[in-house]
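Novice: predicted model and sequence below, questions to follow.
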Amino acid sequence: MVPPPERPFPASDPARMDRLNQLIAEVAAERPAVVRVIDVAGHLRSLPGGELDPRLRPDGVHLTEDASEEIVGWLGPEVVAGAKSALEGT
């Protein structure tokens with residue numbers, strides 16, 4: 001496993017991700033017929049062991065191939081449901 005950098009990168013500042021998520025939520029709220037946000041982080045948090053479960057993310061960041069397949073099994077139907085909803089105008 002590669003150790004983290006001695007000094008965090010500016011892009012790693014949690015405030016940046018918080019702001020990005022705010023912007024995404026604002027866009028989705030302004031365009032509910034066009035934009036649907038799928039809460040992948042929320043789904044990961046709901047799993048046993050949470051979003052940073054070492055079984056899912058042994059390096060604390062990247063998903064393993066098995067974890068990716070597991071997430072896709074959940075995410076695929078979410079994307080399809082969102083697309084159907086958009087096509088139906090709901």
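Specialist: Looks like it came in fine. Numbers count the residues shown, from 1 in each chain.

Novice: quick one: contacts for the residue most central in space within the chain?
Specialist: Of all residues in the chain, the one closest to the mean position by CA atoms, centre = their mean is V40, 3.4 Å from it. Counting by CB atoms under 8 Å, 6 or more residues apart in numbering, V40 touches I71, L75. All C-beta atoms are positioned from the backbone trio N, CA, C, and that covers glycine.

Novice: can you pull the pLDDT of it?
Specialist: Note on V40: pLDDT of 91.

Novice: L63 now?
Specialist: Confidence for L63, expressed as pLDDT, is 91.

Novice: secondary structure class for it?
Specialist: Under DSSP: H, G, I helix; E, B strand; the rest coil, L63 falls in the coil class.

Novice: what distance do you get for it to R19?
Specialist: In this view, L63 and R19 are 24 Å apart by CB to CB, to the nearest Å.

Novice: need the per-residue pLDDT for A15.
Specialist: pLDDT recorded at A15 is 90.

Novice: residue ranges with poor pLDDT in the protein?
Specialist: Where the chain drops to pLDDT under 70, the residues are 1-5, 7, 90.
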